[in-house]
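Novice: Let me see the structure of the following:
(one chain, ligands or ions: 2)
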Amino acid sequence: MSSPKVEVAIKNCCPTIGEGPHWDEVTQSLLYVDIVTGGIHKWDSNTGVEEKINLDGSVGFAVPCDRGGYVVGLNQTISHVDWTTKAVTTLAEVEQGTKNRFNDAKCDALGRLWAGTMGFESIPGIVSGGEGNLYSLSADHKITKHVGSIDISNGMDWTDDNSVMYYIDSVPRKVFAFDFNLQEGTVSNQRTVVEFPIGTESTYGLPDGMCIDAEGKIWVACFSASRVYRFDPETGKTLQSIEFPATNITSVCFGGKNLDELYVTSSSWKLPEDSKDKQPLAGSVFRVTNLTVKGRAPNNFKG
Ligand SMILES: O=C(O)[C@H](O)[C@@H](O)[C@H](O)[C@H](O)CO
Ligand SMILES: [Zn+2]
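Specialist: Ligands and ions are numbered 1, 2, ... in the order given. Below is the predicted model:
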């Protein structure tokens, strides 16, 4: 079996926290955000051309909408952005009067958005604890809170049959599973499927963004550990480990013509000066090829 090949896809494209990679099959482009600069970036894999816009605030995620434009997590709002006019329309607002902000998000198979929040992060990984929540936003813009007392709400994805939703809270270093009711848009029966034990901080770090593959196994970006791991959510066992030339690996998604490449974002935000010199590629988007498994195309927002 040949081993996975890691290369730089988009060099030093994120001045702060690269996040939220989303593969657009129609245009064969990668959409991702640079959180602290409010950047929404679109990179065309055919031409290598990148376009971006910057919003006024932190952007935790950006997902394409069926009607055009993007649904974004802008500070404490979920908003719609028109790429051309840059017009921003607020769809929902939460946690007013706090310093919290939206972080990672994804749409379920019905095009409903699931998005979580986190407390103010002064240094990477350090937040005022338990202030985050997980919400969903329906196509008609009704917001519902599902889970509370989260530290850093992060990656999520669903099994092919939509019976299970996986969800990460980074600080307790856990991947949870819920029974998922797609029609109702509800989660229940929370349990832990992967937990990083004490003593594995340097090798596993903090679980951050995630995605599921066509075999139902989960790929988790590990912040402060330079790695992406593939886990079996049935057993919690590590199946594969891939190393990157940047410590703070933030998220993953499958992409490419055959959805057999893994796109991996990273952060260069607040790296200690001495470590900055050792990882000049921090803030790049990486691509992994030679994998033995494919992924799935993501869903757009229906609202
Ligand atoms: O992108 C995110 O999910 C957070 O905004 C980041 O700041 C880090 O990735 C996190 O601290 C590590 O878990
Ligand atoms: Zn994240």
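
Novice: From here on, just use CA atoms for contacts and neighbour counts.
Specialist: Will do.

Novice: List the contacts of the helix or strand of the chain with the lowest mean pLDDT.
Specialist: One helix or strand of the chain scores below all others by mean pLDDT, DSSP states H and E: helix 273-278, with a mean of 89. With contacts defined as C-alpha atoms under 8 Å, 6 or more residues apart in numbering, helix 273-278 is touched by 268, 282.

Novice: What residues of it count as buried?
Specialist: Neighbour-count burial for helix 273-278 flags Lys276 (criterion: 16 or more other C-alpha atoms under 10 Å).

Novice: so after that helix, what's the next helix or strand?
Specialist: Downstream of helix 273-278, the next assigned helix or strand under DSSP states H and E is strand 285-289.

Novice: Just the mean pLDDT for that next one, thanks.
Specialist: Averaged across strand 285-289, the pLDDT comes to 98.

Novice: Indicate the residue of the stretch 1-150 of the chain located nearest to ligand 2.
Specialist: Nearest residue of the stretch 1-150 of the chain to ligand 2: Asp104, at 5.4 Å (C-alpha to the ion).

Novice: Excluding chain neighbours, what is closest to that residue?
Specialist: Asn154 (5.0 Å; C-alpha to C-alpha, 6 or more residues apart in numbering).

Novice: that's a strand at the one you found, yeah?
Specialist: Yes. Using DSSP: H, G, I helix; E, B strand; the rest coil, the secondary structure at Asn154 is a strand.

Novice: if we can go back for a sec, give me the distance from the least confident helix or strand of the chain to the chain's centre.
Specialist: 25 Å (C-alpha atoms, centre = their mean, to the nearest Å).

Novice: What of stretch 149-159?
Specialist: 9 Å.

Novice: State the distance spanning the first to the last residue of it.
Specialist: 25 Å (C-alpha to C-alpha, to the nearest Å).

Novice: Flag every buried residue along it.
Specialist: Buried, per 16+ other C-alpha under 10 Å, within stretch 149-159: 150-159.

Novice: How about stretch 81-100?
Specialist: For stretch 81-100, the neighbour count (16+ other C-alpha under 10 Å) marks 81, 88, 91, 94, 100 as buried.

Novice: any idea how far the second one is from Trp43?
Specialist: According to C-alpha to C-alpha, Val88 stands 22 Å off from Trp43.

Novice: cool, the fourth one as well?
Specialist: Here Val94 is placed at a distance of 31 Å from Trp43 (C-alpha to C-alpha).

Novice: Confirm for me that Val71 is in contact with Thr77.
Specialist: No. If you go by C-alpha atoms under 8 Å, Val71 and Thr77 don't touch, sitting 10.2 Å apart.
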